[in-house]
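coords please:
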Amino acid sequence: MNAGQPSRRQILAAAGFISLATVTGCGSGDDGGGSKDLSKKQNGAMKNYRAGQRFKAAKPLSFSMLHNNNPVYPMKDSWLFWKELTERTGVTLKPVDVPLADYEKKRSVLIGAGDAPFLIPKTYHPSEVAFVSSGAILPVSDYVKLMPNFRDKVRKWKLEPELDSIRQSDGEYYLLPGLHEKPKADYSLSFRTDVLDRHGLSLPATWDEVYDVLTALKEEYPGKYPLSDRWSTNTPFPCGALFGYLGQAFGVKAGWGYNNISFDHKAQRFVFTGARDSYRQMVEYLRKLVAEKLMDPESFSQSDDQALQKLLAEKCYAMSANPQVLVQDYRYNLEKQVKGAKIEMIPVPVGPAGPVVLGGDRLENGVMVSSKALKSDSFVAMMQFLDWLWYSDEGQKFCKWGVEGVTYTESGGRYRPKPGISLMGSDPDAGKDLQKDYGFSNGVFAYGGSWDLVSSSFSPDEKKFQDAMAQREELPVDPAHPLQSFEQEQATLWDTPLKDHVIQNTLKFVLGKRPLSEWNAYLAELKSKNMQQLVDLHNKAYERFKKENG
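Here you go, the predicted structure:
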């Protein structure tokens, strides 16, 4: 590209800006092909709809939506959420209910058969990529001109690099992700602080200190494993939480966040994650814990209930946690069973990568839109409604907390469930539950938002944890490198066997079933499974996208 020549992205952005001015001025818009394309799709739409304004359909409307039914709070037709949503917006949602365990499979079947509802939420990138080539879902980036709240948050929070990272080879993105003002950490280690106090031990701040504390506990309780862990069943990556936050300390995505391909910002190229030196160092650290009997080897196969029983029976004194299970599972049950027991979750211990959090965590699961929706004469109104419910401050507060004075109270920025209503164990003796009985704080709708809103439901423990994590440096987001459809098909064929091999051998190394002296042999096995071809494919896509988009 010649110096000073506008890139394809700049040309598209300029065209989008012109279209945007048209939408803002007259309340109508286009999908990239001129305003006439949406002129017959204005049924029920608001004129001059703008950020910060409540969406109210000009006439009663209804839209179909796939609903991920969480067994923790099974869907009820009687939820106040449905009734209040219709009263506020004039829109009735028609949920197509799918059990959580079958959600991804059922979603694929419905989309493949052309039977998908208009709105398809609870979709994690890159799941949407599988549906791009068929044309079954919309390139939603063409229609965000209809979504002033979405655009406003992207601009204010400088989320353009994150959105670039989910663009496909045509320069468009096909998922409207949840948007976070700040990255939010979820998992770390928890320790029995009363036991540490008894032996003059302090809560560790680094992984070296974690090793020292576990070693000291092992000396005091030689017949026990100081650390036993959970989140190993029903997941392809056992101990997915532990690997995730331990990997972060080494500057590499692992566990639930594992992806075969990651960007080496020093080398400015994509590399294979499971072959990186930092990945090996993480594996070596866990191997040391297991070899010295500081970590229970059953951690990688036991159920969550089995892990919890070990903690309650004082067979271990440390376990992975998130702020919810810390309060609901650990502390609540320990206080009933073990006199004087105290447990606390620590900020993620710092490792070789320093006090950092991995980049890209400000996007969350989001909404796909079925291509069939574009044929509806209420398409513009649907996009305005989607924008209000998932991206406006008012819509996000409604989804999370419900109706002020009925389900919650607010004073000075502090939110509380109304007396007699519990949220995620905040009042175990309450007669009602905000999720189960009212339908609010439902993961299908309530995610993302300003830090004030996200933190409004934090317990004192979580506030302390998140405040500490918020001080850390966020590493850069991996750059965009969208594959073309034929490349995606090839990458998928290589990707799964490679990932399976990484997970299987990670566990073998950690458990001592394979010596770490065979690491080079493991790398050779990855090469034989097309590791380098996969890396080359992604680097080719990266260079192509960089050239085309400046």
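
not counting sequence-adjacent ones, nearest residue to K41?
F379 (4.0 Å; C-beta to C-beta, 6 or more residues apart in numbering). Heads up, the C-betas are built off the backbone N, CA and C, glycines and all.

L246 too?
Using C-beta to C-beta, 6+ apart, the closest residue to L246 is M282 (5.8 Å).

does that neighbour touch V252 like I think?
Yes - M282 is within contact range of V252, at 6.4 Å (criterion: C-beta atoms under 8 Å).

what about these two, which has more around it?
A direct count of neighbours by other C-beta atoms under 10 Å for M282 and V252 places M282 higher, at 26 against 23.

other SSEs contacting the host helix or strand of that one?
In the assignment (DSSP states H and E), M282 maps to helix 277-291. In terms of contacts (3 or more C-beta pairs under 8 Å, 6 or more residues apart in numbering; DSSP states H and E), helix 277-291 is packed against helix 207-220, helix 240-250, helix 485-511.

any idea how many residues pack against the residue nearest to R50 when sequence neighbours are not counted?
Excluding the flanking residues, the one nearest R50 by C-beta to C-beta, 6+ apart is P148, at 5.2 Å. Neighbour count of P148, defined by other C-beta under 10 Å: 22.

just the pLDDT for P148.
pLDDT, P148: 98.

who are the contact partners of the residue nearest to L246?
243, 246-247, 249-250, 252, 254 (C-beta atoms under 8 Å, 6 or more residues apart in numbering).

ok so, going back, what's the most buried one of the helices and strands packed on helix 277-291?
helix 240-250 (a mean of 25; mean count of other C-beta atoms under 10 Å).

which strands or helices does that one pack on?
Using 3+ C-beta pairs under 8 Å, 6+ apart: helix 240-250 touches strand 188-192, helix 277-291, strand 318-321.

just how off-centre is it within its chain?
Centre-to-centre, helix 240-250 and its host chain are 15 Å apart (C-alpha atoms, centre = their mean, to the nearest Å).

next one: stretch 259-273
For stretch 259-273, the distance to the chain centre is 20 Å (C-alpha atoms, centre = their mean).

who touches that stretch?
Counting by C-beta under 8 Å, 6+ apart, 252-254, 258, 274, 276, 279, 475-476, 478-479, 481, 495, 498-499, 502, 526, 531-532, 534-535, 538-539, 542 sit against stretch 259-273.

buried set for that stretch?
260-263, 270-273 (16 or more other C-beta atoms under 10 Å).

in strands, which of these appear?
Among the buried residues of stretch 259-273, DSSP state E puts 261-263, 270-272 in strands.

list the contacts for the closest residue to R151 other than its chain neighbours?
Closest residue to R151 apart from its sequence neighbours, by C-beta to C-beta, 6+ apart: V144 at 5.9 Å. By C-beta under 8 Å, 6+ apart, the contact list for V144 reads 150-151, 176.

how near is V144 to E284?
45 Å (C-beta to C-beta, to the nearest Å).

look up how far S371 lies from A45.
For A45, the distance to S371 - C-beta to C-beta - is 19 Å.

the more surrounded of the two?
Shown here are A45 and S371; by other C-beta under 10 Å, A45 has more neighbours (26 against 18).

what stretches of the chain score poorly on pLDDT?
Applying pLDDT under 70 to the chain picks out residues 1-36, 359-360, 550.

what sits against the residue positioned nearest the centre of it?
The residue lying closest to the centre of the chain (C-alpha atoms, centre = their mean) is E364, at 4.1 Å. Shown in contact with E364 (C-beta under 8 Å, 6+ apart): 177-180, 447-448.

now, which of the contacts of V144 sits nearest Y332?
Closest to Y332 out of those is L176 (36.8 Å), distances taken as C-beta to C-beta.

can you give me the neighbour number for that closest one?
Neighbours of L176 (other C-beta under 10 Å): 27.

my guess is it contacts M383. True?
No - between L176 and M383 there is no contact under C-beta under 8 Å: 9.5 Å.

just to revisit the earlier point, in three-state terms, label the residue nearest to the centre of the chain for me.
strand (DSSP: H, G, I helix; E, B strand; the rest coil).

run through the residues that contact the closest residue to it other than its chain neighbours.
Nearest non-adjacent residue to E364, counting by C-beta to C-beta, 6+ apart: G178, 3.3 Å away. Going by C-beta under 8 Å, 6+ apart, G178 touches 363-366, 390, 447-448.

so can I have TSV of these showing distance to K94?
Output for those, formatted as TSV (distance: C-beta to C-beta, whole Å):
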residue	distance to K94
L363	27
E364	24
N365	21
G366	20
W390	17
Y447	22
G448	24
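
which ones among the contacts of V144 lie within helices?
Applying DSSP state H to the contacts of V144, the entries found in helices are 150-151.

got the contacts of V144 as JSON lines, with distance to L423 columns?
What follows is the contacts of V144, written out as JSON lines (distance: C-beta to C-beta, whole Å):
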{"residue": "F150", "distance to L423": "27"}
{"residue": "R151", "distance to L423": "31"}
{"residue": "L176", "distance to L423": "26"}
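
still on that earlier bit, for the contacts of M282, which one is nearest K436?
The shortest approach to K436 among the contacts of M282 belongs to F243, at 31.4 Å (C-beta to C-beta).

report how many residues lie close to the nearest residue to W390 once chain neighbours are set aside.
Excluding the flanking residues, the one nearest W390 by C-beta to C-beta, 6+ apart is V367, at 6.5 Å. Applying other C-beta under 10 Å, we find 23 residues neighbouring V367.

so V367: helix, strand or coil?
Here V367 is recorded as strand under three-state DSSP.

residues contacting M75?
Here M75 is in contact with 67, 69, 95, 97, 439 (C-beta under 8 Å, 6+ apart).
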